[in-house]
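Participant: Prediction below, plus the sequence it came from.
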Amino acid sequence: MVPLSESPSAVRAFVLTRTAVTTLLAGLVGGVYLWAYLPFPFAPFLALVAVSYLLTGLCWALIPRVRSPVRLAEVQIYADMVLETVLIYVTGGLYSVFPFIYLFSILAMSIVVAPRRSFAAATVAVLLHGLLLVLQFYRWLPPVSALRMERDVLVEGSLTILLISGNVCASYILAYLATYLVERLGQARGEARRTEASLAQLRVLHEDIVQSVPSGLLTFDRDGTVTTVNRTAETLCRRSQTDLKGARWETVFDAGPAFARVWEALVRRGRAPVRFEARLIRWEGSRIPVGVTASFLRRELGVICSFQDLTEIKRMEERIRQADRLAAIGRFGAGLAHEIRNPMGSIRGAVEVLRESLRPQGDDRRLMEIILRETDRLDGIITEFLEFSRPRNLARVETDLVGILEEILLLLSHQSPTSVRIVREYGEPTVKASVDPGQIRQAVWNLCRNALEAMPQGGELRVLARPEQSGPGAGSVEIAVEDTGVGVTADQLPHLFEPFYTTKPSGTGLGLANVHRIVEDHGGEIRVESQPGIGTRFTIIFPGEDG
C-alpha cells in the first residue's frame, strides 16, 4: 500500500504528536501520583517515559538522514508498542488501565505509514498484549504492581480472556475504521487535487482564450474603472495593462455614451447586450472609431466591453460613398458632355467662317481668337472628362514598376526646377505586378506632376516602390509619391478624387479623379495623407495574384 506521505514533514508531525501524547500521559499520571495513591510503582513509569523521550530524540535526528522517513516512523511505532506493553506490565498487567494506548499506535500506523498497515499493527498489539496476560496468568512473569489480591484462578482466567477478546475487537475494529477513513480521505484528497488541476487548466485555458480573442476586452467595475485587460485591448489602445488598469471609462472611450447611461441601458434591456460606436483614446492622444458591445458581468459586479477597430470599415464606407458619387457624376457628366460638344463644334465652325469672311482687325480679331481658344480648351476638358467616364478594357501584362518610375523620373528631372530633390526608394531592383503599363504610367505621372506643382519654392519628391513579403497584405505591391509641399487641409481630403474638384487656380479637377479610376480598375486602393505646410503622400496598393 502506498504511504499517505513520503515527505519528512509528515513524519516530523507524527514525532511531535507522539511527544505531546507522552508528555500529556506523564503529566496526568504524575498529577494523580502527587494527589492520590497509585497501585503501581512510579519509578518504572518514569523510566519508560525517559526511554520514550530518548527514542523521540533519536527518531528526530534520523529523519533527514534516512532514505525513507516513513519506514523510520513504522519502526518507531512498533518500538512504541513494545514500550506500551511494558507500560501495561508495570502498571498492573491484568489490572492495568492502559491497554487502550495500543489504539494510538494503530491509528498512527494507518495515518503516517499506510492505511492497510494498521492491520499488521493491530495484530502485533493483540499478540503482545495476549502474551503479556498469559505469562502473568501462569505466573511465568512476576507482577511488578504493588496491588496484592488473592489468587482466584477462575476470576483471573475469565478476566484474561475478556481483556484479550476486548483488545482484539478494539484493535481490529479501529484498524478497519482507520483504514476505511484514511483511504476515503486519500481518495478525497486525490479528487481535490484532480479538481484543482482541472480548475487550473480551465483557468489557463480561459486566460488563453481571453488573451487570444481578436477583439479588445475590458472589464469595468460599478464605478466605471478598468479592472482587467486583454492583449488586443493593449494593442488597440497602445497602452500597457498596467496603464489601463484603474483608468476611468471617459479616459478610454470618447464620443460615446457615458458609463452611467450604458449601465442604465443594460438594466432597462434586462441584461441584453448594448451596442454603440465610440472613439477609442490612444496613449498619444489620437482617436480611432470602434464598435463596442457592452454587457453585465455575473451578478452585475461590473460591465464587460468588447470592441473592434472600425477604421478600415469607415474607410471602406467612405470609398463606397465616394464611388457612388463619382458614378452618379460620371453618368450625368457623360450625357452632358455629349450635349455640350455638338453646339460647341457649331460655335467654333461659325466663328471660323466669320473670321475668314469678315477678316476682322484689332479688338474684334482678338475677341474671335479668344472664342476659338476657349472653345478648344472646353473641348479638351470634355475630351478628358469623357476619357475619365468611359470604361476601358485593361491590357494587363507582367510589368516592372521600377522601370516605369525611372522613365517618369527621368522626364521630370529635365522639367522640374533644380530646387526639387528627387529621392528613390525601391524595396528591390525590380518590382513586378500584373498591370496595364500605359494607365499606370499616366496615374503616376499625374501624381508626380501634382507633387511638383505643390512645391513652387522647391523641396523633396520621394518615390517608393516595394512588394509586401509578409502579413495580411503579402503579395501586394505598393507605390508611393510623397512631397514636402503646401499640403491640403483635412476638409479638402475627402474631395480630392471628385471630378472638377481642384485646389489649383488653373486645374480642371480631373487629374486625381483619373488616377482614382485607374487604380480602382486594377482592383487596387489609393490612400492620401497630408498635413498643411508639411507635405502630402499618395499611396497606391495593387493586390497580389490572390487579391
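Facilitator: Noted; the coordinates are in hand.
Participant: any low-confidence regions in the stretch 1-150 of the chain?
Facilitator: Scanning the stretch 1-150 of the chain for pLDDT under 70 picks out the ranges 1-7, 33-34, 36-40, 144-150.
Participant: how about the helices of it, start to end?
Facilitator: Using DSSP state H, counting those that start in this stretch, the helices of the stretch 1-150 of the chain run over residues 8-35, 42-62, 69-90, 102-108, 117-137.
Participant: Which stretch among those is buried most, on average?
Facilitator: Per-stretch averages of neighbours, counted by mean count of other C-beta atoms under 10 Å, single out helix 102-108 among those, with a mean of 22. Where C-beta positions appear, they are placed from N, C-alpha and C, glycine not excepted.
Participant: helices or strands up against that helix?
Facilitator: Counting contacts by 3 or more C-beta pairs under 8 Å, 6 or more residues apart in numbering; DSSP states H and E, helix 102-108 packs against helix 8-35, helix 69-90, helix 117-137, helix 153-212.
Participant: These: which one's closest to residue 411?
Facilitator: helix 153-212 (52.0 Å; C-beta to C-beta).
Participant: can you list the helices of the stretch 1-150 of the chain in JSON lines and add distance to residue 268?
Facilitator: Formatted as JSON lines, those follow (distance: least, C-beta to C-beta, whole Å):
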{"stretch": "helix 8-35", "distance to residue 268": "58"}
{"stretch": "helix 42-62", "distance to residue 268": "69"}
{"stretch": "helix 69-90", "distance to residue 268": "65"}
{"stretch": "helix 102-108", "distance to residue 268": "63"}
{"stretch": "helix 117-137", "distance to residue 268": "65"}
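Participant: Out of the ones you listed, flag the one nearest residue 483.
Facilitator: Of all those, it is helix 8-35 that lies closest to residue 483, at 76.4 Å by C-beta to C-beta.
Participant: same for that closest one, what does it pack against?
Facilitator: Packing contacts for helix 8-35, counted by 3+ C-beta pairs under 8 Å, 6+ apart, involve helix 42-62, helix 69-90, helix 102-108.
Participant: Could I have the CA atoms of the helix or strand containing residue 514 written out in CSV?
Facilitator: In this assignment (DSSP states H and E), residue 514 forms part of helix 511-521. Provided in CSV are the C-alpha atoms of helix 511-521 (Å, rounded to 0.1, in the frame of the first residue of the first chain):
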residue,chain,number,x,y,z
GLY,A,511,-6.2,64.5,-62.8
LEU,A,512,-6.7,62.9,-59.5
ALA,A,513,-10.1,61.6,-60.5
ASN,A,514,-8.5,59.8,-63.4
VAL,A,515,-5.8,58.4,-61.0
HIS,A,516,-8.5,57.1,-58.7
ARG,A,517,-10.4,55.4,-61.7
ILE,A,518,-7.2,53.7,-62.9
VAL,A,519,-6.4,52.3,-59.5
GLU,A,520,-9.9,51.1,-59.0
ASP,A,521,-9.9,49.5,-62.5
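Participant: sorry, back to before: to residue 230, which of the helices of the stretch 1-150 of the chain lies closest?
Facilitator: helix 8-35 (40.3 Å).
Participant: mind checking how far the most centrally placed residue in the chain is from residue 408?
Facilitator: The residue lying closest to the centre of the chain (C-alpha atoms, centre = their mean) is residue 211, at 1.5 Å. Using C-beta to C-beta, to the nearest Å, one obtains 48 Å as the distance from residue 211 to residue 408.
Participant: now swap in residue 325 and tell me
Facilitator: In terms of C-beta to C-beta, residue 325 sits 30 Å off from residue 408.
Participant: now swap in residue 25 and tell me
Facilitator: For residue 25 relative to residue 408 (C-beta to C-beta), the value is 106 Å.
Participant: quick one, what contacts residue 378?
Facilitator: 340, 344 (C-beta atoms under 8 Å, 6 or more residues apart in numbering).
Participant: Could you pull up phi and psi at it?
Facilitator: Main-chain torsions, residue 378, degrees, to the nearest 10: phi -60, psi -40.
Participant: On the pLDDT front, check it for me.
Facilitator: Here, the pLDDT recorded for residue 378 equals 77.
Participant: Could you name the helices and strands sitting against the helix holding residue 514?
Facilitator: helix 311-358, helix 363-389, helix 437-453, strand 525-531, strand 535-542.
Participant: Output those in CSV, with distance to residue 276 appended to each entry.
Facilitator: Output for the helices and strands packed on helix 511-521, formatted as CSV (distance: least, C-beta to C-beta, whole Å):
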stretch, distance to residue 276
helix 311-358, 15
helix 363-389, 40
helix 437-453, 39
strand 525-531, 28
strand 535-542, 32
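Participant: quick one: which of the ones you listed is nearest residue 195?
Facilitator: Residue 195 lies closest, by C-beta to C-beta, to one member of those: helix 311-358, at 44.7 Å.
Participant: roughly how far out does the closest one sit from the chain middle?
Facilitator: 55 Å (C-alpha atoms, centre = their mean, to the nearest Å).
Participant: How about stretch 353-369?
Facilitator: Centre-to-centre, stretch 353-369 and its host chain are 81 Å apart (C-alpha atoms, centre = their mean).
Participant: what's the average pLDDT for it?
Facilitator: The predicted confidence, averaged over stretch 353-369, sits at 79.
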